[in-house]
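Trainee: What follows is a predicted protein model with its sequence.
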Amino acid sequence: MGPKKQKQKSGGKKAEKLRLQKEEEERRLKEEEEARLQAEQEEADRRKKEKLLRERMAKLEAIDRERREDELAELNSMLEKFMCAQRKKTEDRAYEKWERYIACDESPDPTVLQEINTFMSLWREEQNEDIQFVMEKGEQVLNFIEKLQFLLLDAPPSEVTEKETAQYQETILDLESLLHQKYNEATDRLLKSAILYEDFDTGNMQVVIKDKNVTFCIWGNLKKKIRFKNHVFGDTHHGFDLPKSLAVSSVAVRIFHTHYDHVSPLWLRCPRVTRLEDLDSEETTQHSQDSVGEPGEKEAREEPNVTAEKEIPPEERNSAASVREDTNVTANINEVTKEEKTEKESEILDVPPEGQSPEMQEKTSEEEEITDESTKESTKESPVDMQQFAPVGGVFHIDGLQLPPQVQQINSWSAVELLDDGLETYPYPPEEPEGTTHPPIQITLRPPGNVFYLKEPLIARWDPAGQQWRTDGISNISYQTQEGNITFEMDAFYTVAFLQDNHINMPYQAWELQPTSTDEAVFVITTVFAEVKIQIKGNQCKLAAIVVKEKKVLPHLVGKWMCPVTLKRILKKYGLNIFPEEYSYKYAGVNQKAPLTEFKAYQQIALVASAFAFGRSKWNLESGQDQVVFKVSEHLNADSVKDEDWSVYMFNGRRAQKLKITEESEAFSEELEEDTEFHSTLYHMLKDFASKEAIDKVNTAHFQFVDVVYQLLLDTRVLMYS
């Protein structure tokens with residue numbers, strides 16, 4: 001090929017390349033122009049959509065303003081049901097007191113100081129009572145204590161003055177102290193006749209006495225033979241293994257199990273106890289320091305304080321006033337005095353982040369595991385945090401006692417040395433030069449079968465000097481899963497208890513409230529470990545089922561009708577706590593919500609719960625602190641709600657609206673459902689879509705049913721702890 005042809009070919013390739021470049025540039029410019037035009041069109045569409053949305057929202061807000069006063073007036077009328085419920089409770093308490101008065105019952109009224117003091121004085125003077133007698137009278141004392149505790153929990157501040165509260169608490173402590181004193185006196189009397197309970201095989205004293213409230217296991221070392229240094233008390237499965245020095249001493253061992261806890265409440269009287277003040281809706285949005293106060297005289301009133309005295313739009317004041325009246329009426333939200341309000345303004349809670357997205361949950365679980373380990377390490381040599389842990393299954397008083405002189409048979413005479421010192425403890429370890437070591441005491445206990453431990457319990461001893469539970473002094477813990485026993489070693493005789501994390505069931509995985517019939521509903525809370533089903537009927541509720549790993553547990557608690565206050569106490573007592581306290585946000589991963597918004601939501605849910613089902617929405621985690629989101633469905637039969645029947649609603653205390661999103665949507669959006677408005681109350685929002693039958697059921701729902709639903713929602717705080 002000649003040079004000329006090569007040059008022509010090269011020139012053709014260059015021209016082709018230029019042509020392609022020109023076409024590419026033209027295509028690029030065209031695409032850019034099209035993209036620009038599309039962007040302009042999209043921007044125009046967006047602006048148009050925003051304008052239409054603004055116009056629509058302005059129109060809806062105008063409509064809402066026009067009817068707001070009427071809707072709030074109707075809501076106030078419905079809120080009267082809470083006041084009716086409170087008046088009925090007050091009347092019932094007065095009637096019960098009157099019935100007791102005219103019945104001329106010989107037993108004292110624990111609320112009347114003169115009567116209960118006379119009862120205690122007379123009992124203190126009585127001597128030589130055996131354990132069986134003390135057990136029988138002890139049940140009466142426990143009933144007195146329970147009645148006073150119930151009054152402190154249930155009666156509103158308007159009925160129980162501060163002076164009466166202090167009186168009741170002091171009476172409770174006096175009764176508890178007297179009861180334990182009487183059990184000690186009965187133990188001393190029993191030990192003086194220990195020879196009557198001599199075991200044929202070992203020659204030592206052994207006795208087990210029990211009823212539904214206490215279990216006595218007493219062993220007396222009559223023979224002082226080293227080979228009998230251990231013992232197991234029959235069907236209780238409690239036992240011990242003593243050091244050799246005790247096995248040859250005049251010692252008695254008492255394992256006294258009280259199925260109640262009269263020890264831990266002493267901790268509440270200690271001045272170092274931290275009390276956390278609650279926030280109102282404005283304060284909740286701030287991040288500040290934990291508030292510290294005195295241990296509450298009214299510690300039984302566990303629900304948070306809510307102040308509604310912040311700035312409220314004029315059109316809402318009537319509604320807010322009604323809410324405040326009702327919260328005082330139900331005694332679930334305490335009044336805040338001026339001093340407390342000032343204190344709250346200077347010492348506000350440190351609010352945790354706004355809940356956790358699903359993506360964060362795995363990380364949170366890992367952090368909780370690390371925290372668990374660090375907690376175990378820290379509690380080995382430190383007091384137990386009693387805001388985090390609580391005894392479950394009662395208290396075990398494990399005592400080493402001096403064995404008193406026994407009756408000696410001399411010919412036909414019986415002789416015994418009489419001592420006036422009463423029950424004496426046996427010192428172990430003995431006082432010896434510092435550095436002297438003594439072998440530990442091995443103890444085996446079987447936790448009561450009528451309680452439930454979701455994890456291996458924490459074993460702690462009571463420190464009477466520091467008025468606190470501690471884990472030091474206890475070692476070599478062995479959990480025998482198959483036998484159900486727990487064996488451990490103690491460096492001295494202690495009062496011990498099995499403690500469980502109060503927040504092990506928090507946060508909840510799901511919740512659902514579903515009406516089943518007239519003034520009847522089922523409330524279900526699902527946790528990581530358990531599903532708790534509570535049936536509501538009229539002014540009472542009962543446990544319908546407690547399921548753990550597809551197995552029903554605590555059958556003795558199921559099927560008994562009671563009030564919400566009693567239900568709460570019983571579930572906590574038997575190891576299934578689903579009731580947050582005012583400080584629980586520190587220990588559970590919470591979805592922080594403004595308290596006033598949260599409590600208004602509970603009230604309005606309760607008002608319509610006779611005809612509408614409610615449930616957890618995953619979008620509640622995404623809606624921020626000032627708004628709550630939940631699922632709603634009209635429900636007039638006993639069947640379960642189908643997934644497709646749920647709708648998502650949002651409420652901020654002042655406005656309720658139906659959202660366009662569903663539980664299956666990819667992202668959270670506050671966009672309204674098509675062809676819907678918003679209303680000042682949840683009732684009026686639901687009324688837009690409800691049937692006449694549903695609205696009739698709401699309007700005719702009994703006030704006591706509404707009040708019970710409200711109490712359960714307020715006690716469980718499902719909008720924050722799920």
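Mentor: Ah, there it is. Numbers count the residues shown, from 1 in each chain.
Trainee: would you list every one of the strands in the stretch 401-550 of the chain?
Mentor: Taking DSSP state E, counting those that start in this stretch to define them, one finds strands in the stretch 401-550 of the chain at 408-410, 413-415, 441-445, 458-463, 468-470, 474-480, 485-490, 495-501, 510-517, 520-526, 530-537, 540-548.
Trainee: could those go into CSV alongside mean neighbour count, mean pLDDT and distance to I145?
Mentor: From N, CA and C alone the C-beta is placed, and that goes for glycine too. As requested, those are exported to CSV (neighbours: other C-beta atoms under 10 Å; pLDDT from 0 to 100; distance: least, C-beta to C-beta, whole Å):
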stretch, mean neighbour count, mean pLDDT, distance to I145
strand 408-410, 9, 61, 42
strand 413-415, 9, 56, 40
strand 441-445, 21, 94, 25
strand 458-463, 21, 94, 19
strand 468-470, 22, 93, 21
strand 474-480, 13, 92, 29
strand 485-490, 18, 94, 28
strand 495-501, 23, 94, 18
strand 510-517, 19, 94, 33
strand 520-526, 20, 95, 29
strand 530-537, 20, 94, 26
strand 540-548, 18, 92, 23
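Trainee: Look at the nearest residue to Y260 once chain neighbours are set aside and say how many residues are nearby.
Mentor: Nearest residue to Y260 in three dimensions, chain neighbours excluded: G394, at 6.0 Å (C-beta to C-beta, 6 or more residues apart in numbering). Neighbour count for G394, taken as other C-beta atoms under 10 Å: 22.
Trainee: Looks like G394 contacts H262 (just checking).
Mentor: No. At 9.5 Å, G394 does not count as touching H262 under the criterion of C-beta atoms under 8 Å.
Trainee: Please enumerate the helices of the stretch 51-200 of the chain.
Mentor: For the stretch 51-200 of the chain, the helices defined by DSSP state H, counting those that start in this stretch cover 113-125, 131-154, 162-192.
Trainee: Could you do the stretch 351-500 of the chain as well?
Mentor: So, for the stretch 351-500 of the chain - with DSSP H, counting those that start in this stretch - the helices run 358-379.
Trainee: and the closest residue to W646 other than its chain neighbours, what element?
Mentor: Computed as C-beta to C-beta, 6+ apart, the closest residue to W646 that is not its neighbour in sequence is K631, at 4.3 Å. Using DSSP states H and E, K631 sits in strand 628-634.
Trainee: Show me what that strand packs onto, helices and strands only.
Mentor: helix 595-608, strand 612-616, strand 647-651 (3 or more C-beta pairs under 8 Å, 6 or more residues apart in numbering; DSSP states H and E).
Trainee: Can you list the strands that the last one pairs with?
Mentor: Translated: strand 647-651. Sheet pairing of strand 647-651 (DSSP bridges) gives strand 628-634 (antiparallel), strand 656-658 (antiparallel).
Trainee: quick one: which of those is nearest F119?
Mentor: strand 628-634 (49.1 Å; C-beta to C-beta).
Trainee: what bits of the protein have low per-residue confidence?
Mentor: Applying pLDDT under 70 to the chain flags residues 1-11, 53, 55, 266-381, 406-420, 435.
Trainee: Now do the same contact list for the residue sitting nearest the centre point of it.
Mentor: Centroid-nearest residue in the chain: F579, 2.4 Å away (criterion: C-alpha atoms, centre = their mean). F579 makes contact with 302, 568, 571-572, 715-716, according to C-beta atoms under 8 Å, 6 or more residues apart in numbering.
Trainee: now do 10 Å
Mentor: With contact set as C-beta atoms under 10 Å, 6 or more residues apart in numbering, F579 has these partners: 302-303, 502, 505-506, 564, 567-569, 571-572, 712, 714-717, 721.
Trainee: In JSON lines: the helices of the stretch 51-200 of the chain, plus mean neighbour count and distance to F389.
Mentor: JSON lines is the format used below for the helices of the stretch 51-200 of the chain (neighbours: other C-beta atoms under 10 Å; distance: least, C-beta to C-beta, whole Å):
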{"stretch": "helix 113-125", "mean neighbour count": "14", "distance to F389": "32"}
{"stretch": "helix 131-154", "mean neighbour count": "17", "distance to F389": "20"}
{"stretch": "helix 162-192", "mean neighbour count": "18", "distance to F389": "21"}
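Trainee: I am finished for the moment; much appreciated.
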